[in-house]
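Engineer: Kindly generate the corresponding structure for this input.
(chains A, B and C)
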Amino acid sequence: MQNFTPRKFYHPYVSPFDPCPPMTVKSYETPPHLYMTFQPYGLPQFSPQEALCAGTLWPALYDPYYSPYKKHERQDDQ
Amino acid sequence: MHKQLPKEFYPLMQELQAVDFVLLELTLYLDTHPNDQEAIQQFNQCVQVSKQLKQQVEQIYGPLQQYGNSFSGYPWNWNDGPWPWQI
Amino acid sequence: MWIYEKKLQYPVKVSQCNPMLAKFLVEQYGGADGELAAALRYLNQRYTIPDKVIGLLTDIGTEEFAHLEMIATMIYKLTKDATPEQMKQAGLGDHYAVHDKALHYHDASGVPWTAAYIQAKGDPIADLYEDIAAEEKARATYQWLIDMSDDPDINDSLRFLREREIVHSLRFREAVEILKEEQGKKQFY
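Structural biologist: Residues are numbered from 1 along each chain as shown, chains lettered A, B, ... in the order given. I've put the predicted structure just below:
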């Protein structure tokens, strides 16, 4: 349903002289509010309990953060 | 000994936290969308639900607010623990 | 005036005694982009901003105090039963020497909170842009804290707080739109 991705990736330059093993892919977050200048009326809502757990009343703004360094956290958590 | 809260306190408190969270979200939303009539209707309905839940929570936990926003038992029970960060 | 409510905004849970995590979390207590800075920033800016957005600054500023209490709860629970030895091992020996387990408004490195962290320019757009930036910086801090924490219950609360930064940022962006459109126009949306 979302027409954007909440996480973007890029590839930093790797020098043969870098001291640590390279992290070839880095990521940064682009949460939903960046794509919504002004919230429209009447967006679908979570139930009160779901909203409290999510931290927002509107699924369109829901963007739970899971560490990109801990690949299994998301599955473990749910 | 410190007062321990009965088991039924926790789901009831969470229900109140959930309704009050909806009220908070709608408050911020209405601050920038003052003409959304549907949201205002929902807000006013939630106020009713929140008031009822607060009464139920206070029967178990004691006053949630003071300065006269809640009634007091005898003796003065505002000081009674546990406080929110201790629960 | 303000009225305290004897309840947390969100049911904070902590899985294990972990003073090292408390040392990091205190960044959001008394750090530059922490909840104290946020609350004081918004509640101070509201005196010199157009009436249309005073309510928003008041309400978000007030919510930040609820977040401050959540962070305090996490720090309190993470350190409550730690021995002086555990505090020392967690890098909190210098904190313990001064404060025992007491919370104090400083950042993760122990630097005390200062009003120099916040600004009030009296220019509504400058102030709201600062507020948007502050929300994004706090969001980033929550991300880095989640990256370092292995406590699933703490991460649950941190995820809640991060989501709140997103909603606040959107509301401040809407406030900018409201002030933009109001100039010489009568209607918007």
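
Engineer: residues from chain B in reach of chain C?
Structural biologist: With CB under 8 Å from any CB of the partner chain as the criterion, chain B comes near chain C at residues B:10, B:13-14, B:16-17, B:20-21, B:24-25, B:27-29, B:31-33, B:35, B:57, B:61-67, B:69, B:83-85, B:87. Quick note: C-beta positions are derived from backbone N, CA and C, even for glycine.

Engineer: Name only those of those residues that count as buried.
Structural biologist: B:13-14, B:16-17, B:20-21, B:24-25, B:27-29, B:31-33, B:57, B:61-64, B:66, B:84-85, B:87 (16 or more other CB atoms under 10 Å in any protein chain shown).

Engineer: neighbours of residue C:145, just the number please.
Structural biologist: Using other CB atoms under 10 Å in any protein chain shown, residue C:145 has 22 neighbouring residues.

Engineer: who's in contact with the closest residue to residue A:41 other than its chain neighbours?
Structural biologist: Among residues not flanking residue A:41 along the chain, residue B:36 sits closest, at 5.4 Å (CB to CB, 6 or more residues apart in numbering or on different chains). Residues near residue B:36 by CB atoms under 8 Å, 6 or more residues apart in numbering or on different chains: A:41-42, B:29-30.

Engineer: Put the buried members of those into a PyMOL selection.
Structural biologist: Listed next is the PyMOL selection for buried residues among those, using 16+ other CB under 10 Å:
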select buried, chain B and resi 29+30
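
Engineer: Can you name the two of the contacts of residue B:36 that sit furthest apart?
Structural biologist: By the measure CB to CB, A:42 and B:30 form the most distant pair in these, at 13.5 Å.

Engineer: Could you list the residues of chain C in contact with chain B?
Structural biologist: C:3-12, C:53, C:55-56, C:59-60, C:63, C:69, C:72-73, C:76-77, C:167-168, C:171, C:174-175, C:178, C:189.

Engineer: From those, keep the buried residues only.
Structural biologist: Neighbour-count burial (16+ other CB under 10 Å) applied to the residues of chain C next to chain B gives C:5-12, C:53, C:55-56, C:59-60, C:63, C:69, C:72-73, C:76-77, C:167-168, C:171, C:174-175, C:178.

Engineer: Show me those that map onto strands.
Structural biologist: Residues of those located in strands (DSSP state E): none.

Engineer: Which residues are in contact with the residue located most distally from the centre of chain A?
Structural biologist: Taking CA atoms, centre = their mean, the residue of chain A most remote from its mean C-alpha position is residue A:17, at 32.4 Å. Residue A:17 sits next to no residue when contact means CB under 8 Å, 6+ apart.

Engineer: which element is it on?
Structural biologist: Assignment of secondary structure by DSSP states H and E places residue A:17 within no helix or strand.

Engineer: how about it, phi and psi?
Structural biologist: phi -100, psi 10 (degrees, to the nearest 10).

Engineer: Do you know the pLDDT at residue A:15?
Structural biologist: Per-residue confidence (pLDDT) for residue A:15: 96.

Engineer: nope, residue B:81 is what I was after
Structural biologist: 88.

Engineer: circling back: where helices are concerned, which of the residues of chain C next to chain B count?
Structural biologist: C:55-56, C:59-60, C:63, C:69, C:72-73, C:76-77, C:167-168, C:171, C:174-175, C:178 (DSSP state H).
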